[in-house]
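Q: structure here, sequence nowhere to be found:
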């Protein structure tokens, strides 16, 4: 493979995770080793900013901030949910793609790395294919990222280990709190976590359970149809047995007809899906009157995907390695692939990276296999635990200043624009 | 003062904190140094369990678990909200007090330590006074505890530093997440924290703000009457300036007429107060339509008071010292006092413990001084920051097992009952 000399563009897309910046750090650190990569640029806010020619010069950043990216939550380069969507608006999508390549060509971008989930891998694939069509030599590699753990072909996704480590810790702590309060009638606490179609995040909190009596007592997964009457009985039985019931619910749980329990159909997100705001509150409204049971809710929301202060060290390292592997693959001449994580063994946990064609990834969602969940559907089983446990190992011990974490603050020195503004 | 020989009873009451067990550890460790203290008992679930003669023998616990109490969240001995209430039910209260002293005398309790907030200090005071009335030699000392930081006379309360350290970290992380998502129209995130009458917990998140543009942008305190129209304008201005607005709201905010914004009057807690479940959701319902602004909510709930994994080391040490000081005071012959924390200097932060008569504490609530809040009411000012910052210093680095914290698991070996069961 002939050496390809030019500039590198790395960008982030979709909902942030605690470790997406670690992947960017991996790209930057690996890129620095290769002389054929001349300038390292960051695209601000993914394709949204790239279309506006908003590029930053990573070379202007302090190396200490690049190191800090490994433990900095959110998307340090900014992110977006903007999608180049040929299906719903082909005219706009064509205009976007044309503009994107104007920016890419104007800045001699030859290496393109995009960290994101399903939609972002789809975008990367389109960029790869468009470059081929145009005969523009570009190496485009997707870097996996999503707390949802719903990408196919990869053993798991960077971001997942950290969200379940934090959530499981929270369930342990909240569970201890709920159990310690004596009441005559018992109590219930419902903790709502993210996860729309797949219950990976909710399922991960089972790691908090070390003894049979430990919380969580019930985990409601989107994969298992919610049945109200059975749920009420299960909560009642749990309270009779343990004095309290700690429930974890994935925000996207549905009834047998496919209706989302927590959907507020008056609110839509930017993709037109109803915002899921209320699964825990909805369940509390069911349980409290049915069982006359004191019921409290916790909604971790963005806190769970941003919780760098209790990120999984394993996750941080894997995210970094995915960034490095993406650059190495591109240097070796590959394009049109996503880096994936491959598990070599469970115990001791061993892993590596490999490549998967982007066309295999886009717009597919992976859910929890049914045989990883107890027959009665209330908890994930040992198969799931064997899978998930290695992913939460290790802590970070973040540097602090005046008692709070120190995160990277990028300067974001702008690369001079050479194109007319986006219309 | 003549030496008083007998047994010790320590118990916990009210809502748990991340460090209330550290105070119990302080009591136990100090008690072990004094030969006049024969047996160390724990009362399960505060007075609720003590009335049922549910005592555990701390001497049967592993020393490693006593050490782990320093970083174990919730109430390791169990807690309750049971109140010996002479005002609303004098007959029941008299019966309770009689029974309490039957238990105390049956087990030769001569040292009584009760860790809790306002109501618990009131209980401790009643026990102290009743012992005097009966001529039963008992030394009763209150140990301060509450995340709410609303006890008078003490500089602050153990539990407060940890809750604001965790909440401020969460605001930094969620804030980074919200800021990193590019949108055409901006976005808003509302983080609800505890605090019914006093805004200490919400105010503490101001420590997350290192630069003027940093979140939190608005902190809504129960001390400042909520004005909907002004709030909408302030959010709009913030989004125009920063692209997003991160709001922290204390659950107990009220309008000028004193109506709690988040109160759900259909639900009452065990003291008959309406459960505050919805300040953040209520504010989102105001902001989203008024400004057509994507608005998400986070409700940390019990997670914030149980977050031992990011507790303040300073708080843990102070909580432990309060337990030690309580025992030393009792050994020196004192009774009817609460241990308080006394600040000697802000920078360097120096502190000590002292005693305050329990009669000065009970059923008073301390709110944030008005001159610690900006004139416009949107954020606490430098006076507050100078006060709060020392309280969050230091991290714990909890021991872990398979990637999750290891907390104490007490054996709770029961002390043999000698009384007839509670009627």
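A: Looks like it came in fine. The structure displayed is predicted, hence computed values, not measured ones.
Q: around chain B, which positions in the stretch 101-250 of chain A sit nearby?
A: Counting by Cβ under 8 Å from any Cβ of the partner chain, the stretch 101-250 of chain A comes close to chain B at A:165, A:168-170, A:172-174, A:176-183, A:189, A:191, A:207-208. Quick note: C-beta positions are derived from backbone N, CA and C, even for glycine.
Q: restricted to helices, list those residues.
A: Those of those mapping onto helices are A:165, A:168-170, A:172-174, A:176-180, per DSSP state H.
Q: identify the farthest-apart pair in the residues you listed.
A: Taking Cβ to Cβ, the two most distant members of these are A:165 and A:180; they sit 23.0 Å apart.
Q: more neighbours: which of these two?
A: Using other Cβ atoms under 10 Å in any protein chain shown as the criterion, residue A:165 and residue A:180 rank with residue A:165 on top: 30 against 24.
Q: excluding covalently adjacent residues, which one is nearest to that one?
A: With Cβ to Cβ, 6 or more residues apart in numbering or on different chains as the criterion, residue A:165 has its nearest non-adjacent residue at 3.8 Å, and that residue is residue A:392.
Q: quick check: the nearest residue to residue A:256 once chain neighbours are set aside vs residue A:377, distance?
A: Spatial nearest neighbour of residue A:256, excluding adjacent residues (Cβ to Cβ, 6+ apart): residue A:225 at 4.2 Å. Residue A:225 sits 8 Å away from residue A:377, going by Cβ to Cβ, to the nearest Å.
Q: got it, and residue A:260?
A: Distance of residue A:260 to residue A:377, given as Cβ to Cβ: 17 Å.
Q: where's the residue nearest to residue A:256 relative to chain B, distance?
A: Distance from residue A:225 to chain B, counting by Cβ to the nearest Cβ, to the nearest Å: 26 Å.
Q: quick one, helices of the stretch 201-350 of chain A?
A: Here the stretch 201-350 of chain A has its helices, by DSSP state H, counting those that start in this stretch, at A:228-242, A:279-291, A:302-305, A:313-331.
Q: could you identify which of those is most buried?
A: helix A:302-305 (a mean of 28; mean count of other Cβ atoms under 10 Å in any protein chain shown).
Q: any idea how far it is from the chain center?
A: Relative to its parent chain, helix A:302-305 has a centroid offset of 10 Å by Cα atoms, centre = their mean, to the nearest Å.
Q: can that helix be said to contact chain B?
A: Yes - interface with chain B: helix A:302-305 contributes A:302-303, A:305 (Cβ under 8 Å from any Cβ).
Q: quick check: bridge partners of residue A:337?
A: Applying DSSP bridges to residue A:337 gives these bridge partners: residue A:141, residue A:357.
Q: residues touching it, list them.
A: Neighbouring residues of residue A:337 by Cβ atoms under 8 Å, 6 or more residues apart in numbering or on different chains: A:141-142, A:329, A:355-358.
Q: overlap in contacts of residue A:225 and residue A:377?
A: Common contact partners of residue A:225 and residue A:377 (Cβ under 8 Å, 6+ apart): none.
Q: which intervals of the stretch 201-350 of chain A have sub-threshold pLDDT?
A: For the stretch 201-350 of chain A, the stretches flagged by pLDDT under 70 are A:264-277.
Q: what sits closest to residue A:103 if chain neighbours are left out?
A: Excluding its sequence neighbours, the residue lying closest to residue A:103 (Cβ to Cβ, 6+ apart) is residue A:53, at 5.2 Å.
Q: related to what we said a few turns ago, let me know the closest of the contacts of residue A:337 to residue A:368.
A: Taking Cβ to Cβ as the measure, residue A:368 lies nearest residue A:356 of the contacts of residue A:337, at 20.2 Å.
Q: could you verify my assumption that residue A:177 touches residue B:302?
A: Yes - between residue A:177 and residue B:302 there is a contact under Cβ atoms under 8 Å: 4.8 Å.
Q: about what we covered before: you'd agree the residue nearest to residue A:256 is up against residue A:261?
A: No - in this structure, residue A:225 is not within contact of residue A:261 by Cβ under 8 Å, at 10.4 Å.
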